[in-house]
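In: give me coordinates for this.
(one chain, ligands or ions: 3)
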Amino acid sequence: MPEWEAVIGIETHVELQTNSKMFCGCAVAFGEAPNTNTCPVCLALPGAIPVPNEEAIEGIVKIGTALDSTINKDSLFYRKNYFYPDLPKNYQISQYTFPVCEFGKLEIVVDGEPFVVGITRVHMEEDTGKSRHVGEDGRIHDASHSLLDFNRSGVPLVEIVTEPDIRTAEQARAYGAELQRIVRTLGVSDARLEEGSMRFDANVSVRRGPDAEFGTRTETKNVNSLRSLQRAITFEIDRQTRVLEEGGEIIQETRHWNEDKGVTISMRIKEESEDYRYFQEPDMLPLEIDEAWQQRVKAEQPELPAQKRARYVGLGTDAHTAELLADDPALGGLFDQAVQAGANAKQAGIWITQEVVAYLRREEKSLVETALSAAHVAELSEMVSAGDLSSTASKDVLNAVLAGDGTPREIAEAKDLIQISDSGFLEAEVDAVIADNTDAFEKLAGGDMKMIGFFVGQVMKRTGGKADPRLVSEMVRNKAQG
Ligand code: ADP
Ligand code: MG
Ligand code: ZN
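Out: Ligands and ions are numbered 1, 2, ... in the order given. Now for the predicted structure:
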């Protein structure tokens, strides 16, 4: 029988960082006193009418555009009905048919293999309030009572739903990471998993090989990091496989990831969409998104992470370095400016992602707290290309620049690290060494190229280690070949 294969689809909620809430003028703010950012609309007082937030619509169009989606010209809002104390209206305004964006895709790379995840839909909704259970451990079971804070009620929320295209926990994690980078690059959300401004639900099922029909899925919630996403999915794949191997059945249900125990736990039997009695929101007209507006959003789209990585690789960095640079706006910015100022991209990429990053970790500093500028990186690069500085010495100089000891040239001179690259002088040294070692030179001229190292070593000795070894080696080779 074919091996078990996992089928995974991810639903992601992203809280947009707009000035005001989705359907009212209340501020979107975190960590403020409970119930201070509320009004009749987000508290669901009678007669309050929702008015959509243009900034939020622009946010979702940005996300949909970055995910290569179709933007629907007319989009509809629906009521998704359910009772929960943190939902004062007893319904959430959401979307159903005709969401703002549909039919998108996102390409990710796992182990060097590109992989396309279909995006079913990207729709607009609103967040709920927050319950706080008062008791020993903040859990609902043994709480004495619960408190409600409606500051989050009505905060714009975008939901991004994938096709069941993902096959491994690693791919799911890579998808989550890339989506987070995109959302951050677009500047529409800080997308912090641990704070809940980005939240994943993982739908997982298993089946007997790629040709079998899809199995019954479970949906796991409460994954607060990319690592948890991967762990929760891995756990769920193993659990389902075991149940099926033992002749059991998978129940379609919602499960909860328990981070401490590393397990998923059954929460409730999964509701079907009919259970929510979706119907079109009577207080709102269809949302019209005009072509010009959509085109402007597209034209203003910043360079996306994948485009940036490809550009860095095109400049000469390796894929891993490109990823590190693209993931960190401060480091990427320094790299871009350094290259623009004339630095060799490959060299600059390695310095920044290795030496600079190690320095920042060691000193517990951020880049702006150091003395390093893009011009310094460019100067250092030029010194190495010109042969004034060895690449080994360049690392010491870079660390001294970071510490604020001066410019690369000043430091190299002060530390007596400038190499001799005066070819007239070096040629005389090479000739002198050859004259002293005629036997060795004959071997070299006879084709024993290993002897080059000997001659370079001799010149380095005579010059107190100051000669540019690359230049000397080239001269010795030329002499040997007559
Ligand atoms: P719901 O709101 O009921 O969770 P959605 O359509 O919003 O339904 O999301 C369903 C998610 O589950 C999608 O990401 C979809 O790709 C995924 N999915 C659907 N069927 C399966 C399956 N058999 N196995 C794994 N994932 C699935
Ligand atoms: Mg779901
Ligand atoms: Zn309000």
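
In: so what's the residue count around S94?
Out: S94: 19 surrounding residues under other CB atoms under 10 Å. All C-beta spots, glycine's among them, are computed from the backbone N, C-alpha and C.

In: who's it bridged to?
Out: Beta-bridge pairing for S94 (DSSP bridges): Y78.

In: distance of D137 relative to ligand 3?
Out: Plainly put, D137 is 32 Å away from ligand 3 if you go by CB to the ion, to the nearest Å.

In: and the helices in the stretch 1-150 of the chain?
Out: 54-66 (DSSP state H, counting those that start in this stretch).

In: which residues of it lie near ligand 3?
Out: Neighbours of ligand 3 within the stretch 1-150 of the chain, by CB under 5 Å from the ion: 24, 26, 39, 41-42.

In: list just the nearest of those to T370.
Out: Closest approach between these and T370, by CB to CB: C26, at 40.8 Å.

In: okay if I get the residues of the stretch 1-150 of the chain next to ligand 3 as CSV plus neighbour count and pLDDT?
Out: Below are these laid out as CSV (neighbours: other CB atoms under 10 Å; pLDDT from 0 to 100):
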residue, neighbour count, pLDDT
C24, 21, 98
C26, 22, 98
C39, 15, 97
V41, 21, 97
C42, 27, 97
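
In: nearest to ligand 1, of these?
Out: Of all those, C42 has the smallest distance to ligand 1: 23.4 Å, by CB to the nearest ligand atom.

In: next, the contact list for that closest one, please.
Out: The contact partners of C42, by CB atoms under 8 Å, 6 or more residues apart in numbering, come to 21, 23-24, 26, 88, 150, 153-154.

In: now go through those and say which are in strands.
Out: Among those, none falls in strands (DSSP state E).

In: okay if I get these as JSON lines plus distance to L471?
Out: Formatted as JSON lines, the contacts of C42 follow (distance: CB to CB, whole Å):
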{"residue": "K21", "distance to L471": "66"}
{"residue": "F23", "distance to L471": "70"}
{"residue": "C24", "distance to L471": "71"}
{"residue": "C26", "distance to L471": "69"}
{"residue": "P88", "distance to L471": "77"}
{"residue": "F150", "distance to L471": "72"}
{"residue": "S153", "distance to L471": "70"}
{"residue": "G154", "distance to L471": "69"}
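
In: neighbour-wise, which one of those residues leads?
Out: G154 (31 neighbours).

In: you'd agree that one is up against V41?
Out: Yes. Assessed by CB atoms under 8 Å, G154 is found in contact with V41 at 6.8 Å.

In: shared neighbours of the two, which are they?
Out: 21, 23-24, 26.

In: mind picking the two most distant members of the residues you listed?
Out: Longest span within those, CB to CB: F23 and C26, 9.5 Å.

In: next, show the common contact partners of the two.
Out: 41-42, 154.

In: ok, which pair from the residues of the stretch 1-150 of the chain next to ligand 3 is furthest apart?
Out: C26 and V41 (7.7 Å).

In: now do the buried residues in stretch 68-76.
Out: 69, 71-72, 75-76 (16 or more other CB atoms under 10 Å).

In: ends of that stretch, how far apart?
Out: This stretch, stretch 68-76, spans 20 Å end to end (CA to CA, to the nearest Å).

In: how about residues contacting it?
Out: 61, 64-65, 95-106, 119, 122, 124, 280-281, 286-291, 294.

In: also stretch 79-93?
Out: Against stretch 79-93 from outside (CB under 8 Å, 6+ apart): 22-23, 42-44, 50, 77-78, 94, 96, 125-126, 128-131, 146, 148, 150, 153, 275-281, 284.

In: so which bits of the strand or helix carrying M267 are buried?
Out: In this assignment (DSSP states H and E), M267 forms part of strand 263-269. Going by neighbour count (16+ other CB under 10 Å), the buried part of strand 263-269 is T264.

In: can you list the strands that that strand pairs with?
Out: Strand pairing for strand 263-269, using DSSP bridges, gives strand 253-258 (antiparallel).

In: list of residues touching the partner strand?
Out: For strand 253-258, contacts defined as CB under 8 Å, 6+ apart pick out 218-223, 228, 231-232, 235-236, 263-270.

In: count of residues packed around the residue of the stretch 1-150 of the chain found nearest ligand 1?
Out: Closest residue of the stretch 1-150 of the chain to ligand 1, CB to the nearest ligand atom: G9 (2.4 Å). Using other CB under 10 Å, G9 has 22 other residues around it.

In: gap between it and I63?
Out: Applying CB to CB, to the nearest Å, the value for G9 to I63 is 18 Å.

In: and for L334?
Out: 28 Å.

In: what comes up buried for the longest strand seen in the chain?
Out: The single longest strand within the chain, with elements called by DSSP E, is strand 113-126. Residues of strand 113-126 classed as buried: 115, 117-126 (neighbour count, 16+ other CB under 10 Å).

In: ok, so of those, who is nearest K415?
Out: The closest of the buried residues of strand 113-126, once distances to K415 are taken by CB to CB, is F115, at 48.6 Å.

In: residue contacts, the residue of the stretch 1-150 of the chain closest to ligand 1?
Out: Applying CB under 8 Å, 6+ apart, the residues contacting G9 are 161-166, 203, 217.
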